[in-house]
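*Asks:* I'd like to go over a predicted model; first the sequence, then the structure.
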Amino acid sequence: MTHPYTPEPFRIKMVETIRLITPAERESALKEAGYNTFTLKAEDIFIDLLTDSGTGAMSSEQWAAIMRGDESYAGARSFVRLKAAVEDIFGFKFFVPTHQGRAAENILAACVVKPGQYIPSNMHFDTTDANIRARGGRPTNLVIDEAFDPENQHPFKGNMDIAKLRDFIEKTGVANIPFGMMTVTNNAGGGQPISMENLKAVAAVYREYKIPFFIDAARYAENSFFIKQRESAYKDKSVKEIAHEMFSLADGMTMSAKKDAIVNMGGLLCLNDEKLFMDIKNELILREGFPTYGGLAGRDLDAMAVGLYEGLDENYLAHRLGQTAYLAQRINDAGIPTIQPTGGHAVYVALAVELYREGAIRGGEIGSVMFAHPDPDTGSMIYPKLELMRLAIPRRTYTQSHMDYVANSLANIKTRAASIHGYKFTYAPELLRHFTARFEPL
Ligand code: F0G
């Protein structure tokens, strides 16, 4: 008999108890949280799919590495070990560790973005978007149109629209574009991958116009595995080789290590430009810490050095993407649509509040709450093209039966879909409003 799912290529060595509170307790938890899943307490949640960021389970090897952590202020052994892994996998000339991805974005933006400048990408994720805006810059999304059609089966829906990119550069002018980006995989658009062919084309355009090219590498290993599965020229290459080729196309990268490096905290900023690296080091010392620890403890650097390799393990990746696909399939079988094809780290459906009410399951909104913002020129609201609720799956953390529980809860919601109402804002800050916004039922 064939297996309907890929069994976990690991076994459980340490457990953390989770508790399912009653429907009445959930209702009062929701009210207290202002109907924002970010404001709920973790102890009131049974299955937490708010994010896959920093929520994965570290391996016994990573915990062993934690004990090796060298807490020297400068030049720690932990840094030397991380440096070896970063150079081996990514291949850039220079790098600094940062405390997480947004710190890398902030430092890069602080060093190169001037007010009124534009930064193109396929789609920026929330913190990248906000860090560019916070410096007066304008993040611009140029993903292919297929990305906005949830049913379209395009295998690389995270791809950049090359014609749109050329047109944008011609209209904006190279002087107004300090660097260009690509987010792999495209988190804001459903965790969708980008093909190597597209990355090569993007790199060629950026190079032609002498625009430095940075990759947002948060989920680069998942993206590399999709390339291996879906792009025939890469089927016999290892995921590590694919990743290496991908980064060889770019001038630098920002990375949240809390995703594909499977650590609870950490980030990287890598690049080839020595002069910019000097500016970055100075900014890092001011904001994060000395360049050999960048806001992290020595033990964090060691856990990252090990996690970077574990994130590239193809047995793990087959299970990881298989688990996501399994959950999506079960949800689709219950007659509930999800973004097609299923992405790497998450399943994107609807109704964040209702899923908590039903099963004490926490997801997160990725739509107007996260991305709507006033146009800097006219002040009128610009709404994103996709309204989604994301079920982000922490790495190596939940089992098959947890996935079944989530799918069954969604199926239960479907049966009472007609009676579900919406919510309105009662509070929202200017930037990154989804984290602290409050709502009340309509
Ligand atoms: N880039 C991408 C594509 C991300 O998904 C994230 C974080 C960041 C950058 C920022 O990294 O959190 O380490 O500062 N995404 C998380 C999420 C928060 O839930 O998807 P960070």
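*Replies:* Good, I have the coordinates.
*Asks:* quick one: the nearest residue to residue 7 once chain neighbours are set aside from residue 145, how far?
*Replies:* Nearest residue to residue 7 in three dimensions, chain neighbours excluded: residue 319, at 7.3 Å (Cβ to Cβ, 6 or more residues apart in numbering). The C-beta positions use only the backbone N, C-alpha and C, and glycine is treated the same way. To residue 145, residue 319 is 32 Å away according to Cβ to Cβ, to the nearest Å.
*Asks:* Please apply the same query to residue 68.
*Replies:* Residue 68 is 49 Å from residue 145, where distance means Cβ to Cβ.
*Asks:* between these two, who's got more neighbours?
*Replies:* Taking neighbours as other Cβ atoms under 10 Å, residue 68 and residue 145 compare with residue 68 leading, 15 against 12.
*Asks:* what helix or strand does the nearest residue to the more buried one once chain neighbours are set aside sit in?
*Replies:* Counting by Cβ to Cβ, 6+ apart, residue 302 is the residue found nearest to residue 68 once chain neighbours are left out, at 5.4 Å. Assigned by DSSP states H and E, residue 302 belongs to helix 298-310.
*Asks:* Alpha carbons of that helix, as CSV, please.
*Replies:* C-alpha atoms of helix 298-310 as CSV (Å, rounded to 0.1, in the frame of the first residue of the first chain):
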residue,chain,number,x,y,z
GLY,A,298,27.5,32.6,21.1
ARG,A,299,25.3,29.6,21.6
ASP,A,300,22.7,31.0,19.1
LEU,A,301,25.4,31.2,16.5
ASP,A,302,26.3,27.6,17.0
ALA,A,303,22.7,26.4,16.8
MET,A,304,22.4,28.3,13.6
ALA,A,305,25.6,26.8,12.1
VAL,A,306,24.1,23.3,12.7
GLY,A,307,20.5,24.3,11.7
LEU,A,308,21.7,25.7,8.3
TYR,A,309,22.7,22.2,7.3
GLU,A,310,19.7,20.5,8.8
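*Asks:* helix or strand right after it?
*Replies:* Next element after helix 298-310 (DSSP H and E): helix 314-333.
*Asks:* Can you pull out the residues in contact with that following helix?
*Replies:* 4-10, 191, 221-222, 225-226, 228, 238-239, 310-311, 338, 342-347, 349, 391, 393, 395-396, 400, 403-404, 406-407, 410-411 (Cβ atoms under 8 Å, 6 or more residues apart in numbering).
*Asks:* which among the residues you listed end up buried?
*Replies:* Among those, the ones that count as buried by 16 or more other Cβ atoms under 10 Å are 5-6, 8, 191, 221-222, 225-226, 228, 239, 310-311, 338, 342-347, 349, 391, 393, 395-396, 403, 406-407, 410-411.
*Asks:* Just the ones of the residues you listed in strands?
*Replies:* For the buried ones among the contacts of helix 314-333, the ones inside strands are 346-347, 349, 391, with DSSP state E as the criterion.
*Asks:* want to throw those residues into a markdown table with pLDDT and distance to residue 364?
*Replies:* Shown next, in a markdown table, are these (pLDDT from 0 to 100; distance: Cβ to Cβ, whole Å):
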| residue | pLDDT | distance to residue 364 |
| --- | --- | --- |
| 346 | 80 | 9 |
| 347 | 82 | 12 |
| 349 | 74 | 11 |
| 391 | 93 | 8 |
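*Asks:* Now compare those residues and name the two farthest from each other.
*Replies:* Across those, the longest distance by Cβ to Cβ is 9.8 Å; it joins 346 and 349.
*Asks:* can you pull the contacts of the closest residue to the ligand within the stretch 101-250 of the chain?
*Replies:* Residue nearest to the ligand within the stretch 101-250 of the chain (Cβ to the nearest ligand atom): residue 101, separated by 2.5 Å. Going by Cβ under 8 Å, 6+ apart, residue 101 touches 127, 216, 218, 254-258, 267.
*Asks:* again, only using 10 Å
*Replies:* 53, 125, 127-128, 131, 216-218, 254-259, 266-269 (Cβ atoms under 10 Å, 6 or more residues apart in numbering).
*Asks:* Also residue 239?
*Replies:* Residues near residue 239 by Cβ under 10 Å, 6+ apart: 220-228, 311-314, 316-317.
*Asks:* and residue 276, what helix or strand is that in?
*Replies:* helix 274-287.
*Asks:* which other residues reach that helix?
*Replies:* Contacts of helix 274-287 (Cβ under 10 Å, 6+ apart): 92-99, 103-104, 106-112, 179, 212, 251-252, 269-271, 273, 290-291, 293-295.
*Asks:* Hmm, the residue nearest to residue 68 is touching residue 83, no?
*Replies:* No - in this structure, residue 302 is not within contact of residue 83 by Cβ atoms under 10 Å, at 11.7 Å.
*Asks:* Those two: which is more packed in?
*Replies:* Remark: of residue 302 and residue 83, residue 302 carries more neighbours, 27 against 15, as counted by other Cβ under 10 Å.
*Asks:* Can you tell me how far that one is from the ligand?
*Replies:* Per Cβ to the nearest ligand atom, to the nearest Å, residue 302 is found 18 Å from the ligand.
*Asks:* what's the pLDDT at that residue?
*Replies:* Residue 302 is assigned 98 on the pLDDT scale.
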